[in-house]
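**Q** Got a predicted model here, sequence first, then my questions.
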Amino acid sequence: MSYGRIGFGATLSGSTTGSVGSIVTLDRDASLDVIDFSTMESIDAIREKMAGLIDEGSLTVTINYDGRNGQIAAALDTAFKSRTAQTWTTTYPEGDTDEGPGFISALGKAIPHDDKMVQTIVITYASGVTYAAAPA
């Protein structure tokens, strides 16, 4: 039997910024460098590769923007301008988490004339992100 789940109920918080509400999407990317160490002597002319360094990547967050809730908007702006890392915790609906140090590397707003306003936050991870399974 297949199993899946929806993201409804996921949360995000920063150790100094606090809880980020009105989340629409959380989109995380991470990658691994691929090192090609092929030579003229590679067997059967097949490339030889190995895993390199891990790049923990970034977390792109889209939230509904509400200027009346200026507290989180101000906290995000302060964190962006401080250019310092804080611990970010993403908690999934069933309680598992991703946690790691990161800094806000981009902060933007979209203000369409006929749709909801949103704010986009890009958190770039400074080093390792730790995954913890939900308590049983």
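**A** Thanks, I have it.

**Q** first vs last residue of stretch 79-86, how far apart are they?
**A** With CA to CA, to the nearest Å as the measure, stretch 79-86 spans 9 Å from end to end.

**Q** Name the residues that touch the one helix or strand residue 88 maps to?
**A** In this assignment (DSSP states H and E), residue 88 forms part of strand 86-91. Applying CB atoms under 8 Å, 6 or more residues apart in numbering, the external contacts of strand 86-91 come out as 10-17, 26, 28, 59, 79, 97-103, 123, 125. Using the backbone N, CA and C atoms, a C-beta is placed for each residue, glycine as well.

**Q** One more: stretch 35-51?
**A** Residues external to stretch 35-51 that are found in contact with it (CB under 8 Å, 6+ apart): 32-34, 52.

**Q** Redo those residues as a markdown table? Include neighbour count, distance to residue 4 and pLDDT.
**A** What follows is the contacts of stretch 35-51, written out as a markdown table (neighbours: other CB atoms under 10 Å; distance: CB to CB, whole Å; pLDDT from 0 to 100):
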| residue | neighbour count | distance to residue 4 | pLDDT |
| --- | --- | --- | --- |
| 32 | 10 | 25 | 96 |
| 33 | 10 | 30 | 97 |
| 34 | 10 | 29 | 97 |
| 52 | 12 | 31 | 97 |
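
**Q** Residue 31 contacts residue 55, correct?
**A** Yes: because the distance of 4.9 Å satisfies CB atoms under 8 Å, residue 31 is recorded as touching residue 55.

**Q** which SSE is residue 75 in?
**A** With elements taken from DSSP H and E, the one containing residue 75 is helix 70-82.

**Q** That helix packs against which elements?
**A** Under the contact definition 3 or more CB pairs under 8 Å, 6 or more residues apart in numbering; DSSP states H and E, helix 70-82 sits against strand 18-20, strand 97-110, strand 118-125.

**Q** Cool, thanks, signing off.
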